[in-house]
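K.L.:
Below: sequence and its predicted model.
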Amino acid sequence: MPGYDQFTRMTKELQGGAFVSGAVSARWEENGQGFTYATAGQSYRFDVATMKATATTPATPAADPAAAGRAAGAGRAGGQGAPPAGAPPGRGGRGGLEQAQTEMVAGPVAGCPSGAAARGRQADCTVSPDGKRKAFYRDRNFWVANFDGTGETQVTTDGSLDKRIKNGSGSWVYGEELGQTTAIWWSPDSSKVGYYRFDESPVKDFYLGMTQTSIQTSLDVEAYPKAGAPNPIAEVFVYDVASAGRTKIDVRDGKPFTDIPADGSKFTNDNVGHYAYFVRWSPDGRELLLNRSNRRQNIMEFAACNPTSGKCRVVVREEWLPSWTDNRPQMRYLADQNRFIWESERNGFSNYYLYDLSGKLINPITTHSAFEVGPIVKLDEAAGVMFYMARSGDNFMKMQLHRVGLDGKGDVRLTDPKFNHTIATCPGPAAAGGGGGRGAGAGGPGGGGGCGISPDNKFFVDVYQTHDQPPATQVVDMSGKAVAQIAKSDMSKFDKLGLKKVEMYTYLAADGKTTLYGTIAFPSNFDPAKKYPAVASVYGGPGSAVTNENFATPGATTEYGFLVLQVSSRSAPGRGKAMLDASYQKLGVTEMADMAEGVKALWSRPYFDKARVGIYGTSYGGYSSALSILRYPDVWAAASASSSVTSWFHYDSIYTERYMWIPQENKEGYEDGNAMNYAKNLRGRLLIYYGTADNNVHPNNSMQLIRALQQAGKSFEVQVGPDLGHTGVNNQRMWEFFIENLIQRPDRLMAPGGGLTP
């Protein structure tokens with residue numbers, strides 16, 4: 001096929017990366033007089049007094065962060081069928097392999113089994129902190145025993161498959177959408193243990209045929225709440241080991257669990273506590289803590305509950321009534337385990353606030369109203385300061401290091417806004433939050449090797465770069481002055497191969513006023529006198545990043561003869577809540593319109609063939625791909641859509657309603673984002689892929705689109721993954737599809753009626 005030889009050659013050349021990264025990971029000495037690091041296969045010690053580095057023993061490959069930089073630098077912009085870099089952890093998981101699940105019935109004999117809970121599930125056994133006992137889930141009930149398995153006590157007896165009750169486990173949608181990987185929580189002193197009770201009787205089952213490649217098939221049955229349908233009812237209990245008493249936690253403050261009315265009347269959505277999640281104990285063990293929200297998810301409360309009375313009190317209440325709140329803000333305790341730092345978007349931009357567990361707001365720590373904070377890098381209570389990252393560079397993708405007093409005074413930026421910076425996050429008290437979604441800029445290239453800031457807070461090790469300037473590492477003092485250069489990237493291989501740097505460009509969103517960013521990766525043999533087809537790797541969805549200011553190198557994919565694009569939308573994070581609100585109740589509308597504008601902005605370039613542009617993605621990226629070619633047939637000529645949501649009527653309640661509310665009250669929004677409504681528009685070539693065992697985005701999504709296209713008389717392709725879960729189409733087949741349609745047979749792209757030309 002065209003470009004195959006060049007692709008094969010460059011794939012071999014790019015093994016090990018396109019360059020040797022200048023990003024290094026420093027490990028400071030406790031006295032702050034120096035730090036050690038490794039780069040390019042050699043270890044060094046940097047001395048603060050002399051501001052010079054001295055070679056020490058040779059570095060092992062595993063200790064060489066430059067090796068990691070080389071690996072990370074290869075292929076980022078080329079794409080290999082995955083969501084684009086930066087897709088958030090919560091949604092990025094939609095592109096991974098999903099294993100078929102069955103009802104858990106077996107309990108442990110002694111101890112607890114090792115290994116993390118499967119996706120969408122909760123660990124079924126937990127050992128007490130003192131190591132003497134375990135609590136576990138068996139036969140839909142909750143049990144406690146000695147660690148060796150003796151002295152079993154069955155705490156609950158109402159768990160039943162027929163009655164659809166389970167104790168000590170969670171519901172799939174809680175695991176998938178609320179990150180609830182636990183359903184059993186021991187108190188710090190091992191005297192009490194909290195556990196979930198779920199009533200899934202209101203929820204309709206979804207039936208999925210499994211093992212379809214076997215002689216006999218099996219059936220996966222899951223209580224899967226669809227958007228606008230009844231939800232599982234979550235309750236939390238606490239069991240006292242000594243007294244064998246149980247207390248029900250009043251997660252809704254005495255109010256009933258209300259849900260979608262059966263008669264179709266309006267759902268008032270008043271009660272906070274419809275969802276109760278992120279359950280954990282206070283550090284002193286006196287209270288059980290949890291987050292809770294209303295079904296609409298525009299109100300979220302961090303609550304503390306008395307394990308004896310069951311009464312809960314509000315510690316922090318967050319509201320963003322125009323759309324949705326962050327359901328797991330970052331939270332970090334101070335050393336006294338009473339005060340904590342809390343992240344909030346209450347002013348429209350994420351900032352940090354200092355609270356105590358009584359619910360008292362001590363003071364705001366940051367008060368930015370033009371950019372958002374990123375992760376905390378170092379907390380030095382003795383000095384009364386906090387170092388954190390923020391999106392305060394000359395564009396929002398360039399993360400900067402700030403220092404601020406814990407009293408909120410003296411906030412100062414310490415880095416050059418022309419670059420994107422990475423400062424390794426320092427260890428500290430255990431983080432009590434799971435936000436993580438704003439982690440860009442810390443722990444990236446150069447992170448993970450210890451604290452990036454010296455123990456005396458006089459210097460920090462800074463990895464700086466942009467999308468077209470490779471990473472380098474320097475030592476910077478607390479006035480923001482660079483005092484020593486540590487390492488620069490070796491670009492000799494990059495230059496020898498004739499690789500082209502990725503270009504970042506800007507364009508206006510569909511609203512005609514918001515500036516968005518896209519990138520273009522070029523083949524090494526790029527000739528501006530020729531016209532090239534292009535392919536965009538997409539994901540989409542609220543809060544999913546696309547473009548960034550980390551140095552990017554083209555992968556071998558471009559060598560087939562493609563320009564590889566990334567296009568953004570107003571759903572990208574980091575620019576304030578009002579920006580994200582543009583997509584509220586409009587999934588599939590705002591993002592697709594913006595991404596189309598990102599391609600249109602390139603139409604005037606002489607080497608860009610606007611008639612030959614493809615798009616691909618998996619999960620939400622599959623949705624973006626399918627809906628884009630159907631809604632914008634003048635922009636996209638070919639699309640590969642894997643494991644796609646094709647209509648939000650099909651997807652689960654928690655994720656969908658957070659951004660779309662319920663279809664009963666947003667029918668127009670649901671229909672606007674329904675791919676089947678646009679099947680008649682297909683003019684280009686479409687490849688649909690789904691796994692038959694996908695219990696996340698069910699196969700009926702793709703099947704309904706297939707039926708709609710058939711009824712519209714359209715020609716398209718289908719690939720099926722027998723007994724596979726939430727996966728993407730075979731990567732080689734996908735690129736074969738794009739080569740066939742965008743390079744070999746472009747004449748058939750715009751055939752009348754979307755069919756093949758003779």
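P.N.:
Thanks, I have it.

K.L.:
Pull the residues that contact the helix or strand containing residue 10.
P.N.:
Per DSSP states H and E, residue 10 falls inside helix 4-13. Helix 4-13 is contacted from outside by 497, 523, 524, 525, 556, 557, 559, 560, 561, using C-beta atoms under 8 Å, 6 or more residues apart in numbering. Yep, even glycine has a C-beta here, placed from its N, CA and C like the rest.

K.L.:
Distance of the first one relative to residue 292?
P.N.:
It stands for residue 497. Residue 497 is 55 Å from residue 292, where distance means C-beta to C-beta, to the nearest Å.

K.L.:
who's more crowded, those two?
P.N.:
Using other C-beta atoms under 10 Å as the criterion, residue 497 and residue 292 rank with residue 292 on top: 27 against 17.

K.L.:
Excluding covalently adjacent residues, which one is nearest to residue 582?
P.N.:
Leaving aside its sequence neighbours, residue 582 sits nearest to residue 570 (C-beta to C-beta, 6 or more residues apart in numbering; 4.4 Å).

K.L.:
That should have said residue 676, apologies.
P.N.:
Once flanking residues are discounted, residue 676 sits nearest to residue 708: 4.0 Å by C-beta to C-beta, 6+ apart.

K.L.:
confidence score at residue 85?
P.N.:
Listed pLDDT for residue 85 reads 31.

K.L.:
again with the one 3 residues further on
P.N.:
Listed pLDDT for residue 88 reads 32.

K.L.:
Same question for residue 206.
P.N.:
Confidence score, pLDDT, at residue 206: 96.

K.L.:
tell me the SS of it?
P.N.:
Secondary structure, DSSP: H, G, I helix; E, B strand; the rest coil: residue 206 is strand.

K.L.:
my read: it touches residue 225, true?
P.N.:
No. If you go by C-beta atoms under 8 Å, residue 206 and residue 225 don't touch, sitting 9.4 Å apart.

K.L.:
of those two, who's got more company?
P.N.:
residue 225 (25 against 18).

K.L.:
Help me confirm that that one comes into contact with residue 205.
P.N.:
No. Judged on C-beta under 8 Å, residue 225 makes no contact with residue 205 at a distance of 10.4 Å.

K.L.:
Show me the shaky parts of the protein.
P.N.:
Across the chain, residues meeting the criterion (pLDDT under 70) sit at 58-111, 113-116, 264, 429-449, 750-758.

K.L.:
In it, spot the strand with the most residues.
P.N.:
strand 608-618 (DSSP state E).

K.L.:
Neighbouring strands - and their directions - for that one?
P.N.:
Take DSSP bridges as the rule and strand 608-618 pairs in its sheet with strand 532-537 (parallel), strand 638-642 (parallel).

K.L.:
And the next helix or strand past the first one?
P.N.:
Stepping forward along the backbone from strand 532-537, the first helix or strand reached (DSSP H and E) is strand 563-566.

K.L.:
what's that next one packed up against?
P.N.:
Packing partners of strand 563-566 (3 or more C-beta pairs under 8 Å, 6 or more residues apart in numbering; DSSP states H and E): strand 515-521, strand 532-537.

K.L.:
can I get the CA coordinates of it in PDB?
P.N.:
What follows is strand 563-566, C-alpha atoms only, in PDB (Å, rounded to 0.1, in the frame of the first residue of the first chain):
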ATOM      1  CA  LEU A 563      -1.000  15.100   8.100                       C
ATOM      2  CA  VAL A 564      -2.100  14.000  11.600                       C
ATOM      3  CA  LEU A 565      -4.300  16.600  13.400                       C
ATOM      4  CA  GLN A 566      -5.600  17.200  16.800                       C
END
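
K.L.:
Just to check, residue 546 is in contact with residue 568?
P.N.:
Yes. Between residue 546 and residue 568 there is a contact under C-beta under 8 Å: 4.5 Å.

K.L.:
one step back: run a quick neighbour tally on the residue nearest to residue 582.
P.N.:
22.

K.L.:
On the three-state scheme, it is what?
P.N.:
Using three-state DSSP, the secondary structure recorded for residue 570 is coil.

K.L.:
Tell me where the chain has helices.
P.N.:
Here the chain has its helices, by DSSP state H, at 4-13, 65-73, 89-92, 172-177, 492-496, 577-580, 590-600, 620-631, 653-660, 667-672, 700-711, 731-739.

K.L.:
Now do the closest residue to residue 357 other than its chain neighbours: how many residues are near it, please.
P.N.:
The shortest distance from residue 357 to any non-neighbouring residue, by C-beta to C-beta, 6+ apart, is to residue 338 (5.3 Å). The burial count assigned to residue 338 is 14, neighbours taken as other C-beta under 10 Å.

K.L.:
Please tell me how far residue 338 sits from residue 304.
P.N.:
For residue 338 relative to residue 304 (C-beta to C-beta), the value is 11 Å.

K.L.:
Kindly export stretch 599-606 (C-alpha atoms) in PDB.
P.N.:
Extracted in PDB, the C-alpha atoms of stretch 599-606 (Å, rounded to 0.1, in the frame of the first residue of the first chain):
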ATOM      1  CA  VAL A 599     -10.400  21.700  10.100                       C
ATOM      2  CA  LYS A 600     -11.900  24.500   8.100                       C
ATOM      3  CA  ALA A 601      -9.200  26.800   9.400                       C
ATOM      4  CA  LEU A 602      -6.700  24.700   7.400                       C
ATOM      5  CA  TRP A 603      -8.700  24.800   4.100                       C
ATOM      6  CA  SER A 604      -6.800  27.800   2.800                       C
ATOM      7  CA  ARG A 605      -3.300  26.100   3.100                       C
ATOM      8  CA  PRO A 606      -2.200  25.100  -0.400                       C
END
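
K.L.:
Give me the contact list for that stretch.
P.N.:
Here stretch 599-606 has contacts from 505-508, 518, 520, 528, 531, 534, 536, 565, 567, 608, 610, 613, 635-636, using C-beta under 8 Å, 6+ apart.

K.L.:
For the stretch 201-350 of the chain, just list every one of the strands.
P.N.:
Ranges of strands within the stretch 201-350 of the chain are 205-210, 218-223, 233-240, 246-249, 275-281, 288-293, 299-305, 312-319, 331-333, 339-344, based on DSSP state E, counting those that start in this stretch.

K.L.:
can you dump the C-alpha coordinates of the first one into CSV?
P.N.:
This points to strand 205-210. This file holds the C-alpha atoms of strand 205-210, laid out as CSV (Å, rounded to 0.1, in the frame of the first residue of the first chain):
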residue,chain,number,x,y,z
ASP,A,205,-31.2,-5.2,33.8
PHE,A,206,-29.1,-5.1,30.6
TYR,A,207,-28.5,-8.5,29.0
LEU,A,208,-25.3,-9.1,27.1
GLY,A,209,-24.4,-12.3,25.2
MET,A,210,-21.0,-13.5,26.2
